[in-house]
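Sequence first, then the predicted structure:
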Amino acid sequence: MDVFLIVLQYVGAVSFAISATIYAVRKRTDIIGALVFSLLTCFGGGFIRDMIIGRIPPNILVNKEYYYLAAVCIITCIVCYHLGFIEPIGKFMNKHQHSFIIEFTDALGLASFVVLGVESAIEHGKTGFVLLVFAGCITGAGGGILRDICAAEIPSVFRKHIYLIPVIIASCFLVFTYDKMPKIVSIIITIIIIITIRMLAFRFKWNLPIPKVREESKKEQEEREKILK
């Protein structure tokens, strides 16, 4: 089981690094910007979680295992950043394919880190249902929120493809079933829940309603529709 969780950490780190790097390329940042986006997405949520559950200093600053994770994240980011400028790949990947890759890798990283967030809080001796669910949610989504803030955008968590709903559902499921079924089964179902709902939301453009402003201009309407795509 410990090996499975370690693998999950690396899968999550690589997945978030890929999605964050493609995001950085779209935003036309340099390599430093891409590295910051990748590291924030991978470790920002875990940093916040550790501060909340009282793990001081946070794991990322003292745990050698997290140094290796950061190294993997950085290497993945550098490779993907430069691949993003190769002309044949640029021609092969149209906008929709890029979006699919971002969404799928983000969903995979999100699922991995939700599980690791709940697991980390339990290992630290926390038992409250709400606290454990919050630990899972913030570990999965917190890094993306910080990344979007650094990109001067309203976090997509709050407005696009019902991002937080699968995270909350999956976190509640994992916490509720943690001691009621084999742990690995509970974890796998949790991952499936997040990836399935996220990809269905991407495919069918599921969004929570955004109120329309009575005197909304045409430009504002186009911007709102663009956000929800």
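Ah, there it is.

low-scoring stretches of this structure, by residue?
Residue ranges of the chain with pLDDT under 70: 1, 84-98, 212-229.

Could you double-check that residue 157 lies in contact with residue 144?
Yes. Here residue 157 reaches residue 144: they are 6.0 Å apart, a contact under Cβ atoms under 8 Å. All C-beta spots, glycine's among them, are computed from the backbone N, C-alpha and C.

So for the two, which residue has more residues nearby?
Applying other Cβ atoms under 10 Å to residue 157 and residue 144 shows that residue 144 carries more neighbours, namely 26 against 18.

wait, what's in contact with the more buried one?
Contacts here follow Cβ atoms under 8 Å, 6 or more residues apart in numbering; on that basis residue 144 touches 41, 45, 106, 110, 155-157.

One more: residue 69?
9-10, 13, 42-43.

at 10 Å instead, please
Residues near residue 69 by Cβ atoms under 10 Å, 6 or more residues apart in numbering: 6, 9-10, 12-14, 17, 39, 42-43, 46, 59-60, 63.

any idea which helix or strand carries it?
Secondary structure from DSSP states H and E places residue 69 in helix 64-83.

got the CA coordinates for that helix in PDB?
Coordinates of each C-alpha in helix 64-83 appear next as PDB, following Å, rounded to 0.1, in the frame of the first residue of the first chain:
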ATOM      1  CA  LYS A  64      13.600  14.400   1.200                       C
ATOM      2  CA  GLU A  65      10.900  12.400  -0.700                       C
ATOM      3  CA  TYR A  66       9.300  15.800  -1.600                       C
ATOM      4  CA  TYR A  67      12.600  17.000  -2.900                       C
ATOM      5  CA  TYR A  68      12.600  14.100  -5.400                       C
ATOM      6  CA  LEU A  69       9.000  14.900  -6.300                       C
ATOM      7  CA  ALA A  70      10.000  18.500  -6.900                       C
ATOM      8  CA  ALA A  71      12.900  17.400  -9.100                       C
ATOM      9  CA  VAL A  72      10.500  15.200 -11.100                       C
ATOM     10  CA  CYS A  73       8.100  18.100 -11.500                       C
ATOM     11  CA  ILE A  74      10.900  20.400 -12.600                       C
ATOM     12  CA  ILE A  75      12.300  18.000 -15.200                       C
ATOM     13  CA  THR A  76       8.800  17.200 -16.500                       C
ATOM     14  CA  CYS A  77       8.100  21.000 -16.800                       C
ATOM     15  CA  ILE A  78      11.400  21.700 -18.700                       C
ATOM     16  CA  VAL A  79      10.800  18.900 -21.100                       C
ATOM     17  CA  CYS A  80       7.200  19.700 -21.800                       C
ATOM     18  CA  TYR A  81       8.000  23.500 -22.100                       C
ATOM     19  CA  HIS A  82      10.400  22.900 -24.900                       C
ATOM     20  CA  LEU A  83       8.300  20.300 -26.600                       C
END
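
coming back round to it: shared neighbours, residue 157 and residue 144?
110, 163.

ok, then the element right after the helix ranked longest in the chain?
Taking DSSP state H as the criterion, the chain has its longest helix at helix 95-123. Going down the chain from helix 95-123, the next helix or strand is helix 129-150, by DSSP H and E.

residues touching the spatially closest residue to residue 31 that is not a sequence neighbour, list them.
Sequence neighbours aside, residue 81 is the residue nearest to residue 31 in space, at 5.7 Å (criterion: Cβ to Cβ, 6 or more residues apart in numbering). Shown in contact with residue 81 (Cβ under 10 Å, 6+ apart): 17, 21-22, 24-25, 29-31, 33-35, 38.
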